[in-house]
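A.B. asks: here's a sequence, model it:
(chains A and B)
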Amino acid sequence: QKEVEQDPGPLSVPEGAIVSLNCTYSNSAFQYFMWYRQYSRKGPELLMYTYSSGNKEDGRFTAQVDKSSKYISLFIRDSQPSDSATYLCAMKKETSGSRLTFGEGTQLTVNP
Amino acid sequence: NAGVMQNPRHLVRRRGQEARLRCSPMKGHSHVYWYRQLPEEGLKFMVYLQKENIIDESGMPKERFSAEFPKEGPSILRIQQVVRGDSAAYFCASSPPALLNEQFFGPGTRLTVL
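C.D. replies: Numbering: from 1, shown residues only, chains lettered A, B, ... in the order given. Below is the predicted model:
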């Protein structure tokens, strides 16, 4: 069983829609949660970083962590065609140095 | 401040040859990580280094792969006697000592083994 599960999609939405991206995980040792955006043939770009349970908002992006359910989400409001990319969730165990464990990524297309 | 730099961006090797991938971290970053992204798969951790030290190499294949981060110069990921299964995108990330939870990625090196 994979430590981090993420629906690979693809997910296609119209411009202006609210997008919900999700990951589940099996290991309760994960404490730090990140979302990366990766455009085609590019390196991942850090979007959001949260510690433990709760919400964090940054512009049109909201990251949500529910440790009791081992479930994290990224919401994108007023989605734009420029948001079209692959979104990767990543997690880190507090005691394991700085190794990140990634989900497989969800491919998102926002149609104008 | 320049981002993480990787070179070459594309590398083609024949089976049995050696591949050397280079990574220059962001200025002020002394922690370097290497990840591999196979086709249709997510990023997989390979190795975590600080200057002159390997901190965690639990994701590295036991044979043919090695990594270093010398006191001077870039970090090097070396793959000896490459096989077709080594074809992948190899990404380097770096973080500063005070922000170990934030890793900034380079553009990657795409290795193709013929």
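
A.B. asks: and the closest residue to A:Ser73 other than its chain neighbours, which of the three is it?
C.D. replies: Nearest non-adjacent residue to A:Ser73, counting by CB to CB, 6 or more residues apart in numbering or on different chains: A:Gln64, 4.4 Å away. Placement of C-beta: from N, CA and C, glycine included. Secondary structure, DSSP: H, G, I helix; E, B strand; the rest coil: A:Gln64 is strand.

A.B. asks: ok, A:Gln64 - contacts?
C.D. replies: By CB atoms under 8 Å, 6 or more residues apart in numbering or on different chains, A:Gln64 lies in contact with A:Gly54, A:Asn55, A:Ile72, A:Ser73, A:Leu74, A:Phe75.

A.B. asks: okay, these in CSV with pLDDT next?
C.D. replies: Shown next, in CSV, are the contacts of A:Gln64 (pLDDT from 0 to 100):
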residue, pLDDT
A:Gly54, 86
A:Asn55, 90
A:Ile72, 96
A:Ser73, 96
A:Leu74, 97
A:Phe75, 97
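
A.B. asks: for those residues, pick the one with the most neighbours.
C.D. replies: Neighbour counts for the contacts of A:Gln64 peak at A:Ile72, which has 28 neighbours (criterion: other CB atoms under 10 Å in any protein chain shown).

A.B. asks: how about the strands in chain B?
C.D. replies: In chain B, the strands defined using DSSP state E lie at B:5-7, B:10-13, B:19-24, B:31-37, B:43-50, B:53-56, B:65-68, B:75-79, B:88-95, B:104-105, B:109-113.

A.B. asks: scratch that, chain A
C.D. replies: Using DSSP E, strands in chain A cover A:4-6, A:11-14, A:19-25, A:30-38, A:45-51, A:54-58, A:61-66, A:71-76, A:85-93, A:101-102, A:106-111.

A.B. asks: please identify which of the ones you listed is closest to B:Gly108.
C.D. replies: Proximity to B:Gly108, assessed across the strands of chain A by CB to CB, is greatest for strand A:30-38 (9.6 Å).

A.B. asks: what lies in contact with the closest one?
C.D. replies: Identification of contacts with strand A:30-38 by CB under 8 Å, 6+ apart yields A:21, A:44-52, A:61, A:63, A:65, A:72, A:74, A:85-94, A:100-102, A:105, B:101, B:105.

A.B. asks: how about stretch B:93-104?
C.D. replies: Applying CB under 8 Å, 6+ apart, the external contacts of stretch B:93-104 come out as A:32, A:34, A:46, A:49, A:51, A:92, A:97-98, A:100, B:3-4, B:23, B:25-26, B:28-35, B:105-106.

A.B. asks: one more time with 6 Å
C.D. replies: Under the contact criterion CB atoms under 6 Å, 6 or more residues apart in numbering or on different chains, stretch B:93-104 has outside partners A:Tyr32, A:Ser98, B:Val4, B:Pro25, B:Met26, B:Gly28, B:His29, B:Ser30, B:His31, B:Val32, B:Tyr33, B:Phe105.

A.B. asks: out of these, which comes closest to B:Gln17?
C.D. replies: Distances from B:Gln17 to these, taken as CB to CB, are shortest for B:Val32 (24.2 Å).
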